[in-house]
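Participant: okay, sequence plus prediction incoming.
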Amino acid sequence: EALTTYLKAVEMQPHYPDPLNNIGCILAGRKQFADAIPYFEAALRSKPDYTSARENLANSLRELKRFDEAIPQFRRVVRDKPDDIIALNSLANELAGQGQYAEALPYYEASLRAKPEQPGAHFSFGNALSRLRRNAEAIQQYRLAVEQKPDFGPARYELGISLAREGKPDEALVQLREAVRVEPNNPVFLLNLAKVLAARQSFAEAIPVFTEALRHAPNNPEAHNALGAALASTARLDESIAQFQESLRLRPEGASAHFTLGKAL
């Protein structure tokens, strides 16, 4: 009923920006993003400083993966509303999604200055810093994310991985165990927890974790190879050979698995 009324308003007054924007919102709410875009564009032609319509346009372009068009629209929104944390995060996330990590950083920083209590923004900021190999700074952001949201599994996981890179396996294990506690069925979390345990020669604990990871991701050649290596380290050679062979069945070009299978044989 609302859509019919807005369409009637536009029919009577074609350059009326509010109903044009509202039509676009209804269509976008129905996931009809391609149909919504012309209405947002028409609203902006009638009222170029209509920031809400511009943000709606940017979001619809993003949903259609038209990132090169979405980013300039988010930039304009941020220029007009420099303290809009949603727009700042959206622009930063879009830039990071396109691999423009260094360019994304100032927008994460601006968003967090405006509102420090944003675990999601701290996490995304940490990811961008990590991609730039600024590991110590990434760790700070991940720590803030988990302080603000203790059950934030992905932030716990990335913090654990970053700590392991910094040569802090004890701290890394604390975070990776917490990540697995929060998301016990996540095979990536399980696999990397097991890898850190194996690197510390804690094979008795690592092997069940590798096994659990494979229960959730049975076609992961890396996990089969890593489990095989852990089994070989405890002299369970027949079991390790079976894991190396399964790894090579899944990925015949796996040089590491060929090597470790050769050693076990």
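Facilitator: Good, I have the coordinates.

Participant: what helix or strand is Pro252 on?
Facilitator: Pro252 is part of no helix or strand when elements are defined by DSSP states H and E.

Participant: for Arg133, see how far away Leu57 is.
Facilitator: 35 Å (C-beta to C-beta, to the nearest Å). From N, CA and C alone the C-beta is placed, and that goes for glycine too.

Participant: hmm, I was thinking of Ala92
Facilitator: From Ala92 over to Arg133 (counting by C-beta to C-beta), the distance is 18 Å.

Participant: out of the two, which sits in the busier spot?
Facilitator: Shown here are Ala92 and Arg133; by other C-beta atoms under 10 Å, Ala92 has more neighbours (27 against 9).

Participant: let me know the pLDDT of the spatially closest residue to the more buried one that is not a sequence neighbour.
Facilitator: Nearest non-adjacent residue to Ala92, counting by C-beta to C-beta, 6 or more residues apart in numbering: Tyr107, 3.8 Å away. Here, the pLDDT recorded for Tyr107 equals 97.

Participant: wait, Tyr107 sits on Asn89?
Facilitator: Yes. Between Tyr107 and Asn89 there is a contact under C-beta atoms under 8 Å: 7.4 Å.

Participant: these two: who's more crowded?
Facilitator: Between Tyr107 and Asn89, counted using other C-beta under 10 Å, the more crowded position is Tyr107 (26 against 23).

Participant: OK, contacts around that one?
Facilitator: If you count contacts by C-beta atoms under 8 Å, 6 or more residues apart in numbering, Tyr107 has them with Val78, Leu88, Asn89, Leu91, Ala92, Leu95.

Participant: surely the third one and His122 touch.
Facilitator: No. In this structure Asn89 lies outside contact range of His122 using C-beta under 8 Å: 10.9 Å.

Participant: return the strand or helix carrying Ile86 as CSV; C-alpha atoms alone will do.
Facilitator: Applying DSSP H and E as the criterion places Ile86 in helix 85-97. Only the C-alpha atoms of helix 85-97 are listed here, as CSV (Å, rounded to 0.1, in the frame of the first residue of the first chain):
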residue,chain,number,x,y,z
ILE,A,85,30.0,5.8,11.8
ILE,A,86,27.8,3.6,9.6
ALA,A,87,29.1,5.4,6.5
LEU,A,88,32.6,5.5,7.7
ASN,A,89,32.6,1.7,8.4
SER,A,90,30.9,1.0,5.1
LEU,A,91,33.5,3.0,3.2
ALA,A,92,36.4,1.4,5.1
ASN,A,93,35.0,-2.1,4.6
GLU,A,94,34.5,-1.5,0.8
LEU,A,95,38.1,-0.2,0.4
ALA,A,96,39.4,-3.2,2.4
GLY,A,97,37.3,-5.5,0.4
